[in-house]
Structures are given as C-alpha cells and as structure tokens.
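*Asks:* Predicted structure and sequence below. I'll ask about it afterward.
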Amino acid sequence: MMLSREDFVSVDIKRSYIMSKIRKTNTKPEILVRKYLYNRGFRYRLYRKDLPGNPDIILTKYKTIIFVNGCFWHAHEGCKYNKMPKSRTEYWIPKIENNAQRDIINKEKLILLGWRVFIIWECALKKQNMEESLSKLVLKITNQFE
Ligand SMILES: [Zn+2]
C-alpha cells in the first residue's frame, strides 16, 4: 500500500498531539506535589508564561521553581522508567534529546534570573518513596537541606 501525503500529515498531527502532552498541565504527579506543599502552608503560582520553560510551580516567596518531570519525556538519566520505545527511534531519540536540552537551557536561564530550580522526577513520587522525596523537597525549599 502506498501512503499518500495526507497519511503522513495525519501521522504528524498525531505525533505533535502526543508531544504536546509533555507540557501538559495539571498532571497527577504535579497535583500530588502541589497538594503536599499546600497542606504544609506553601503558596505558589502555576505555569507563569513569562518565565523560561513555563514552570509548573512557582514559590515566589522562596524564589524557587519546581518542575515535576516525567522520566521518559525529560530523559531522566539512569532511570528505569526512562525507556525509549523500540520502534520509530529515529523520531523519538531527537525529540527526547531536544526536550532534555531545552530543560537544561531553561534551568540556566531561570538561575540567571535569580531563581532556585528544583526538579522532582515522577519516579520519586511512587508510593514507596513519595513521602521521603516530598519532605526532602520541603527542606530544600526552606534551606534546611543541602
Ligand atoms: Zn525517573
């Protein structure tokens, strides 16, 4: 079967739809982090578009930004949840590398603007380690953890 140009276009639309989920807002892990912080008295803003990378959580009072990153989409190094699909690697590898590169650039820009940037990976929010990860995050935010 020959694929028409339209077939390729529709594949591309589907892909970009999938890719748009990378910066999908209000994901389960994000909400988890937000609830935890909120319950401990932290107040924050979400997705400030005027900041590089449109950060997930902005704690203005602490000059702190938190990104809640999916391990696959943001290429968590050495993480077992960061598994590249076996097919279409020619598509995925550059995409994911691009994301990781953009993350680094955004982080640098934010630091230059005087923000502290903490990344919390999705794998750190699994049931068995969530409490530890989040309590550590709170300590970092409040400068009690090095
Ligand atoms: Zn991970």
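*Replies:* Looks like it came in fine.
*Asks:* Going by C-alpha atoms from here, please, whenever you check contacts or count neighbours.
*Replies:* Will do.
*Asks:* Write out the residues of this structure neighbouring the ion.
*Replies:* Residues of the chain lying close to the ion (Cα under 5 Å from the ion) are Cys71, Cys79, Cys123.
*Asks:* how would you label the last one: helix, strand or coil?
*Replies:* This points to Cys123. Following DSSP: H, G, I helix; E, B strand; the rest coil, we place Cys123 in the helix state.
*Asks:* ok, now which ones touch it?
*Replies:* When contacts are counted by Cα atoms under 8 Å, 6 or more residues apart in numbering, Cys123 touches Gly70, Cys71, Tyr81.
*Asks:* With the first one instead?
*Replies:* Each residue near Cys71 by Cα under 8 Å, 6+ apart is listed here: Cys79, Tyr81, Asn82, Trp121, Glu122, Cys123.
*Asks:* just the buried members of the residues you listed?
*Replies:* By neighbour count, with 16 or more other Cα atoms under 10 Å, the contacts of Cys71 hold Asn82, Trp121, Glu122, Cys123 as buried.
*Asks:* quick one on the thing from earlier: in CSV, list the residues of the chain next to the ion along with pLDDT.
*Replies:* Listed next are these as CSV, based on pLDDT from 0 to 100:
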residue, pLDDT
Cys71, 94
Cys79, 95
Cys123, 97
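*Asks:* Which parts of the chain are strands?
*Replies:* Counting by DSSP state E, one finds strands in the chain at the ranges 45-46, 57-59, 64-69, 116-121.
*Asks:* Just to check, Arg116 is in contact with Lys63?
*Replies:* Yes. When contacts are counted by Cα atoms under 8 Å, Arg116 is listed as touching Lys63 (6.2 Å).
*Asks:* Specify which residue of those two has the higher count of neighbours.
*Replies:* Using other Cα atoms under 10 Å as the criterion, Arg116 and Lys63 rank with Arg116 on top: 18 against 14.
*Asks:* Mind pulling up the pLDDT for the more buried one?
*Replies:* On the pLDDT scale, Arg116 is placed at 97.
*Asks:* how much space between Arg45 and Lys63?
*Replies:* The gap separating Arg45 from Lys63 is 12 Å, by Cα to Cα, to the nearest Å.
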